[in-house]
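Engineer: Sequence and predicted structure below; questions after.
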Amino acid sequence: MVKNSRVKRILLAKPGLCGHDRGISVVAMMLRDAGMEVIYTGLHQISEAIVKTAIQEGVDFIGLNCMTDNHMTICPRIINLLRKEGADIPIVLGGIIPEEDRPSLIEMGIVAIFGQASTSKEIVNFFQSYERK
């Protein structure tokens with residue numbers, strides 16, 4: 001299979017009320033430095049705005065960063081909004097995600113989960129090598 005050599009566009013968003021943005025800022029810079037185009041929406045984003053921006057920008061991925069216990073509410077909401085709009089955009093989740101929630105998140109459609117122990121190399125390699133099934 002030939003990989004797409006086009007520059008990947010990634011929307012990074014901080015849904016909800018969490019104000020901790022150091023991690024997502026570091027991820028944005030590492031992806032940019034690896035040659036990807038990053039659109040960072042900033043703090044306190046609502047699900048509808050994330051989906052609208054992702055569709056308008058024609059992104060290849062949505063990367064969500066959840067540092068509070070809102071991932072089990074936010075992720076299904078964004079997935080449902082994308083489906084409603086007919087948009088097939090893979091979602092990657094990062095942050096503090098309990099191990100017991102990960103299987104449910106993957107089952108609902110999250111394509112990858114990166115926690116605090118994830119390395120720059122793992123994250124960049126995922127985005128560079130991901131191929132839709």
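Structural biologist: Received, thanks. Bear in mind the structure is a predicted one, so any value in this text is a computation, not a measurement. Numbers count the residues shown, from 1 in each chain.

Engineer: bridging residues for E37?
Structural biologist: Per DSSP bridges, the residues bridged to E37 are R9.

Engineer: What's the local residue count around it?
Structural biologist: Number of residues near E37 (other CB atoms under 10 Å) recorded here: 15. For the C-beta atoms, the positions are set from N, CA and C on the backbone; glycine is no exception.

Engineer: Provide a list of residues in contact with it.
Structural biologist: By CB atoms under 8 Å, 6 or more residues apart in numbering, E37 lies in contact with V7, K8, R9, I10.

Engineer: The second one contacts I39, doesn't it?
Structural biologist: I take that to be K8. No: K8 lies out of contact with I39 (CB atoms under 8 Å); the separation is 11.5 Å.

Engineer: quick one on the thing from earlier: let me know the closest of the contacts of E37 to M108.
Structural biologist: Closest approach to M108 among these (CB to CB): I10, at 20.1 Å.

Engineer: how far away is the residue positioned nearest the centre of the chain from A13?
Structural biologist: Nearest to the mean C-alpha position of the chain, by CA atoms, centre = their mean, lies G63 at 1.3 Å. G63 sits at a distance of 7 Å from A13 (criterion: CB to CB, to the nearest Å).

Engineer: elements contacting the longest helix along the chain?
Structural biologist: Counting residues, the longest helix found in the chain (DSSP state H) is helix 71-85. If you count contacts as 3 or more CB pairs under 8 Å, 6 or more residues apart in numbering; DSSP states H and E, helix 71-85 packs onto helix 47-57, strand 61-66, strand 91-95, helix 102-108.
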